[in-house]
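Colleague: How does the following fold in three dimensions:
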Amino acid sequence: VTAAITTELARQFSKDAAGQGSRHNLKAFLFDVREARNVASTLLNYQYAHKEMADMKLDKTARSAILVSPGDKSHDFIETLSRNAGYNVRLFTDEAEAIAWLEEA
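Modeller: Residues are numbered from 1 along each chain as shown. Okay, the predicted model is just below:
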């Protein structure tokens, strides 16, 4: 992802990933947002994590590693919200660590 992340963009790439996961029996996802800041408001992030993710029927047993740039804290809140909503989401700044975490499952 290289564009600023809005809830609309997050919805699009989440649906795409979930669709690929369904078709190929995948439960581990790596999202590279090192070039994209989360620009959604606190309210929109909350609604996305607690309503839209459920409406999309995203698999709560899947693991999603989100690769962020060091120092970019714009994704921290959505990680917290997602985890509080029951999704296994974790932020990483190191790609190898993200992949290792995904492969643990």
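Colleague: continuing past whichever helix in the chain runs longest, what's the next helix or strand?
Modeller: If each helix of the chain is counted by residues according to DSSP state H, the longest one is helix 7-24. Along the chain past helix 7-24, the next helix or strand (assigned with DSSP states H and E) turns out to be strand 28-32.
Colleague: buried stuff in stretch 54-65?
Modeller: Applying a neighbour-count criterion of 16 or more other CB atoms under 10 Å, the buried positions in stretch 54-65 are Leu58, Asp59, Ala62, Arg63, Ser64, Ala65. Quick note: C-beta positions are derived from backbone N, CA and C, even for glycine.
Colleague: could you pull out the strands for this structure?
Modeller: With DSSP state E as the criterion, the chain has strands at 28-32, 63-67, 88-92.
Colleague: What is the longest helix of the chain packed up against?
Modeller: Secondary structure elements in contact with helix 7-24, counted by 3 or more CB pairs under 8 Å, 6 or more residues apart in numbering; DSSP states H and E, are strand 28-32, helix 42-47.
Colleague: could I get the ones you listed as JSON lines with distance to Thr80?
Modeller: Converted to JSON lines, the helices and strands packed on helix 7-24 look like this (distance: least, CB to CB, whole Å):
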{"stretch": "strand 28-32", "distance to Thr80": "16"}
{"stretch": "helix 42-47", "distance to Thr80": "9"}
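Colleague: Identify whichever of those lies nearest to Phe77.
Modeller: Among the helices and strands packed on helix 7-24, the nearest to Phe77 by CB to CB is helix 42-47 (5.6 Å).
Colleague: need the buried residues of stretch 54-65 in TSV with pLDDT, can you?
Modeller: TSV is the format used below for the buried residues of stretch 54-65 (pLDDT from 0 to 100):
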residue	pLDDT
Leu58	93
Asp59	94
Ala62	96
Arg63	97
Ser64	97
Ala65	98
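Colleague: Name the nearest of those relative to Arg34.
Modeller: Closest approach between the buried residues of stretch 54-65 and Arg34, by CB to CB: Ala65, at 12.3 Å.
Colleague: you'd agree the closest one is up against Phe29?
Modeller: Yes - the pair Ala65 and Phe29 passes the contact test of CB atoms under 8 Å, sitting 7.1 Å apart.
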